[in-house]
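1. Mind folding the following:
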Amino acid sequence: MSVGHPGGSKRVTLDEIWPDLETGIHQLITNLNQGFQNARWMALYSNVYNYCTTSRPQSATRTAKQANGANFVGAELYLRLKDFLTKHMKGLLKVAEARMDEGLLHYYHTEWTRYITAMKYINHIFQYLNRHWVKRESDDGKAVFEIYTLSLVIWRDHFFNALKSRLTNALLVLIEKERNGEQIDTSLVSGVVSAYVSLGLNKDKPKDTILDVYKSCFEDEFLAATEIYYTSESNNFISVNTIADYMKKVETRLAEELMRVRQYLHASTEIELVAKCDKVLIEKHQDAIWGEFQKLLEDDKMEDLTRMYSLLSRIQKGLEPLKTILEKHVQTIGNQTVEQIVVAAMNDPKLYVDSLLKVYKKYNDLVISAFRNDSGFVASLDKACRRFINDNAVCKAAKSASKSPELLARYTDLLLKKSAKNPEENEMEQLLNDVMVVFKYIEDKDVFQTFYSKMLAKRLIHGTSASEDLESLMISKLKATCGYEYTSKLQRMFTDMPLSRDLLDRFRSHLEKKNANLGMDFTVMVLATGSWPLNSATTNFSVPKELQTCEDLFQKFYQQEYTGRKLNWLHQLSKGELKTGYLTSNKTGYILQASTYQMGVLLLFNQEDTMTTEYIGVATQLTETTLKTTLLTLLKAKILCVDCEDEEFDKTNKFTLNTEYKNKRAKVNINVPIPRQVEEDSQSTHKTVEEDRKWAIQAAAVRIMKMRRRLQHANLISEVVAQVQTRFKPGIPLIKKCIDILIEKEYLERVEGQKDMYSYVA
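-> Numbering: from 1, shown residues only. Take a look at the predicted model:
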């Protein structure tokens with residue numbers, strides 16, 4: 001079929017083409033499923049084209065714009081089509097009025113699908129009208145639409161608006177049925193809802209779809225119905241079920257609503273629907289859910305706790321009460337755990353630290369798994385651990401807030417000492433990590449440092465370290481946590497060890513050259529005074545003549561090597577081995593591992609069989625306290641016998657060797673400190689810590705005042721606290737006392753006429 005053109009001689013009128021067009025359009029709208037031949041489609045397109053392009057008699061009043069351009073026509077055709085579609089809508093509406101509920105939805109969906117499919121074809125038939133006449137009229141600001149858009153406007157205004165209330169109610173009935181567990185035709189709901197979306201037309205950009213119809217005619221009512229439904233259901237369910245079961249129900253409902261959006265609602269509904277469900281199902285019942293948290297913690301209901309966190313995290317400030325409850329609960333459990341072991345833990349560092357870690361690990365796992373490592377819950381756990389680790393039954397029994405760092409240091413010492421019970425080295429790293437977990441919460445880190453450094457010194461001096469690598473690893477962990485200054489002396493102690501070994505090798509080479517024979521295996525360590533936490537002996541000591549030669553030779557060698565240096569012999573840290581030769585029951589004898597003071601006492605029995613306390617004291621030059629402690633250790637080891645109750649001897653009581661001594665071991669360590677000695681060492685260490693704190697506070701105050709020049713009392717105290725709190729928690733009275741000391745030393749002075757004001761004295 002040939003297509004006409006504007007230059008044709010015959011003028012085409014609307015009355016000539018409309019009957020054929022009307023028949024074709026009616027066939028497309030009502031019977032498209034029966035097929036539509038391509039030739040028929042081309043004939044209809046040609047009718048529109050010929051009509052729009054045929055010449056028209058020129059009007060005397062045509063506009064300048066029309067005179068300058070082509071004489072496109074189409075208004076009558078546009079109006080004729082509009083009337084046809086409007087009439088078609090009235091026919092559909094008449095049928096729809098007899099339909100109800102789901103039947104209405106099916107009819108609406110069927111006709112909508114048929115209509116929009118047909119209108120896409122019809123839009124192509126009228127494409128020439130769209131490109132020219134419609135575009136020109138639209139550009140002039142007239143309310144004219146492309147044919148497909150026009151069809152949607154007509155559907156909306158003459159069919160949908162009359163039915164929208166009934167349609168929405170029918171949709172809501174179906175959705176409620178699905179919520180009640182019934183099966184529904186989701187494709188039907190999806191189809192009708194998509195029609196709501198398609199009818200949202202943008203006046204400024206007619207080709208663009210907006211959601212005003214969907215939101216005003218469906219979504220608003222859907223959300224209101226959702227609130228009513230879940231308010232009723234939640235109130236009824238929670239009144240007859242447990243909170244745990246209610247949370248499962250809420251979790252299921254939320255998942256269903258998300259699926260509902262994805263199946264047949266517009267994606268934009270998800271945010272508002274979720275917010276509405278969160279408000280109705282969670283926020284309105286948050287008090288009841290919060291009230292169950294403590295019980296779930298006590299019963300270790302991990303799954304329910306995870307679910308509770310997941311639900312409450314959806315609402316604003318829903319988790320805040322849980323953080324407070326968790327903090328109090330962990331603190332309570334920690335205190336209860338320590339109370340159960342308080343007597344044993346005072347002298348069992350492993351039991352104490354393991355108990356602390358047990359509580360921490362349990363609730364740390366809970367925070368990681370159930371609470372997704374939420375920073376707020378991590379902070380609550382940290383606060384609780386810090387409280388019960390630094391203030392618990394053991395600290396109160398010891399009457400010292402510094403008991404925890406002391407026991408942690410002793411536990412670390414047990415790990416790093418040689419022992420048959422030590423775990424494999426690869427397990428040790430995890431154990432040291434556990435130590436650092438507790439260390440993180442220790443407030444008095446200076447106490448740990450002091451005890452740790454003393455114990456490290458003993459391990460290095462006595463060669464009892466399990467591994468130098470592990471020692472270095474522990475120091476590196478402390479350095480990473482507290483900085484270089486905290487571990488600088490520990491590091492220098494390590495540096496001293498190879499230097500001391502090298503010096504000993506040179507001494508032995510010196511003896512070989514001199515052909516000097518000491519008569520025994522002699523080992524000496526030379527350690528720098530400023531790096532090691534070693535105090536001078538608190539007693540005199542007369543070195544046995546058997547050992548004196550060794551000391552004298554080394555002293556002479558050292559003076560030759562290092563002129564001007566002075567050696568201080570620390571006999572209280574020295575030890576040696578003696579072999580028994582007086583026991584008839586064991587002819588080979590035992591090797592006794594003894595302290596130098598014990599050796600000094602025992603070697604006296606080479607000359608005398610029986611000696612009084614007074615005689616031994618004069619011979620050894622030991623003070624009364626040190627002598628008594630040394631004799632008690634020998635009595636406890638059953639090496640000596642005394643003619644009275646063991647601990648009740650005085651200067652007149654007589655001591656003899658125990659000739660009946662027996663032991664299963666050939667080598668016996670008799671250098672075992674008695675409990676009183678351990679307690680004295682602990683008290684001495686704590687006293688050292690107190691003195692160090694005074695110096696640290698004074699140094700911090702001087703640094704601050706040197707920079708500030710003038711400062712009020714309260715500000716000085718707060719700045720001092722800020723500077724030293726990484727090492728220990730200073731008491732305000734101690735800071736005040738240190739300020740008074742600095743004033744006495746003339747580092748600071750009070751400013752006259754100004755209350756509580758200090759100035760720095762240069």
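2. any weak-confidence spans in the protein?
-> By pLDDT under 70, the weakly predicted segments of the chain are 1-10, 55-72, 203-208, 646, 674-682, 762.
3. which helix in it runs the most residues?
-> With secondary structure taken from DSSP state H, the chain has its longest helix at helix 675-708.
4. And that helix, how far out from the chain middle?
-> Distance of helix 675-708 from the chain centroid (Cα atoms, centre = their mean, to the nearest Å) equals 34 Å.
5. tell me the secondary structure for V543?
-> Under DSSP: H, G, I helix; E, B strand; the rest coil, the three-state class of V543 is coil.
6. and E178, what helix or strand is that in?
-> E178 is part of helix 161-179 when elements are defined by DSSP states H and E.
7. ok, and what's touching stretch 684-697?
-> Applying Cβ atoms under 8 Å, 6 or more residues apart in numbering, the contact partners of stretch 684-697 are 400, 402, 406, 444, 446-447, 450-451, 454, 533, 720, 724, 727-728, 730, 734-735, 737-738, 741. All C-beta spots, glycine's among them, are computed from the backbone N, C-alpha and C.
8. Of the residues you listed, select the buried ones using a ChimeraX command.
-> With 16 or more other Cβ atoms under 10 Å as the burial test, the buried ones among those are selected in ChimeraX as follows:
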select :400,402,406,444,446,447,450,451,454,533,720,724,727,728,730,735,738
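9. Now do stretch 281-301: everything it contacts.
-> Contacts made with stretch 281-301 from outside it, assessed by Cβ under 8 Å, 6+ apart, are listed as 230-231, 234, 238, 243-244, 246-247, 250, 253-254, 304-305, 308, 311-312, 314-315, 318, 321-322, 325-326, 329.
10. chain center to that stretch, what's the gap?
-> Distance of stretch 281-301 from the chain centroid (Cα atoms, centre = their mean) equals 22 Å.
11. quick one: buried residues of the longest helix of the chain?
-> For helix 675-708, the buried set under the neighbour-count rule, 16+ other Cβ under 10 Å, comprises 682, 685-686, 688-689, 692-693, 696-698, 700-702, 704-705.
12. What of stretch 294-308?
-> For stretch 294-308, the neighbour count (16+ other Cβ under 10 Å) marks 296-297, 301, 304-308 as buried.
13. Could I get the residues you listed in TSV, plus columns for secondary structure?
-> Supplementary listing: these in TSV, determined by three-state DSSP:
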residue	secondary structure
L296	helix
L297	helix
K301	coil
D304	helix
L305	helix
T306	helix
R307	helix
M308	helix
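14. could you dump these to TSV with distance to G200?
-> Converted to TSV, the buried residues of stretch 294-308 look like this (distance: Cβ to Cβ, whole Å):
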residue	distance to G200
L296	47
L297	50
K301	48
D304	44
L305	44
T306	41
R307	38
M308	40
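15. For H106, state which of the residues you listed is nearest.
-> R307 (40.0 Å; Cβ to Cβ).
16. Now do the closest one against L296, distance only.
-> When Cβ to Cβ, to the nearest Å is applied, the distance between R307 and L296 equals 10 Å.
17. now Q559
-> For Q559, the distance to L296 equals 74 Å [Cβ to Cβ].
18. you'd agree N390 is up against V447?
-> No - with contact defined as Cβ atoms under 8 Å, N390 and V447 do not form a contacting pair (10.8 Å).
19. The buried residues of stretch 294-308: which two are farthest apart?
-> Of all pairs drawn from the buried residues of stretch 294-308, the one with the largest separation by Cβ to Cβ is L297 and R307; the distance is 13.8 Å.
20. now, among the buried residues of stretch 294-308, which is nearest to S542?
-> For S542, the nearest member of these is L297. The distance, counting by Cβ to Cβ, is 65.0 Å.
21. What segments of this structure are strands?
-> Counting by DSSP state E, one finds strands in the chain at the ranges 575-579, 591-595, 610-612, 640-642, 654-657, 667-669, 710-712, 748-750, 757-760.
22. Of those strands, which is nearest F222?
-> Among those, strand 710-712 comes nearest to F222, with 64.3 Å by Cβ to Cβ.
23. which residues touch the closest one?
-> Residues outside strand 710-712 that contact it (Cβ under 8 Å, 6+ apart): 704-705, 719, 751, 756-760.
24. which two in the residues you listed are spaced the farthest apart?
-> Farthest pair in the contacts of strand 710-712 (Cβ to Cβ) is E719 and V751. Separation: 17.2 Å.
25. More neighbours: which of those two?
-> Between E719 and V751, counted using other Cβ atoms under 10 Å, E719 has the larger neighbour count: 18 against 14.
26. With adjacent residues omitted, what lies nearest to that one?
-> Spatial nearest neighbour of E719, excluding adjacent residues (Cβ to Cβ, 6 or more residues apart in numbering): I704 at 5.0 Å.
27. Please list all residues in contact with that neighbour.
-> Taking Cβ under 8 Å, 6+ apart as the contact definition, I704 lies against 711, 716, 719-720, 723.
28. try D220
-> Applying Cβ under 8 Å, 6+ apart, no residues contact D220.
29. Now do it against L381, distance only.
-> The gap separating D220 from L381 is 44 Å, by Cβ to Cβ.
30. One more: M428?
-> From M428 across to L381, the span is 26 Å (Cβ to Cβ).
31. what's the answer for D139, then?
-> Summarising the geometry, the distance separating D139 from L381, computed by Cβ to Cβ, is 68 Å.
32. And K295, by the same measure?
-> As defined by Cβ to Cβ, K295 lies at a distance of 19 Å from L381.
33. same thing with V724?
-> The spacing between V724 and L381, counted by Cβ to Cβ, is 26 Å.
34. Throw the strands of the chain into a markdown table and include distance to I282 and mean neighbour count, thanks.
-> Compiled in a markdown table, those are given as follows (distance: least, Cβ to Cβ, whole Å; neighbours: other Cβ atoms under 10 Å):
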| stretch | distance to I282 | mean neighbour count |
| --- | --- | --- |
| strand 575-579 | 69 | 15 |
| strand 591-595 | 69 | 20 |
| strand 610-612 | 84 | 16 |
| strand 640-642 | 77 | 19 |
| strand 654-657 | 80 | 18 |
| strand 667-669 | 66 | 14 |
| strand 710-712 | 50 | 17 |
| strand 748-750 | 59 | 16 |
| strand 757-760 | 56 | 19 |
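35. Among these, which comes closest to S190?
-> Between S190 and these, the shortest separation by Cβ to Cβ is 72.5 Å, and it involves strand 710-712.
36. The closest one pairs with which strands?
-> Paired with strand 710-712 in the same sheet, following DSSP bridges, are strand 757-760 (antiparallel).
37. List every C-alpha atom in the strand it pairs with, with coordinates, as CSV.
-> In CSV, the C-alpha atoms belonging to strand 757-760 read as follows (Å, rounded to 0.1, in the frame of the first residue of the first chain):
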residue,chain,number,x,y,z
MET,A,757,47.7,29.8,92.6
TYR,A,758,51.2,28.4,92.1
SER,A,759,54.1,29.8,90.2
TYR,A,760,57.3,28.1,88.9
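38. Now do the contacts for C644.
-> N653.
39. how close does it get to K654?
-> Computed with Cβ to Cβ, the distance linking C644 and K654 is 9 Å.
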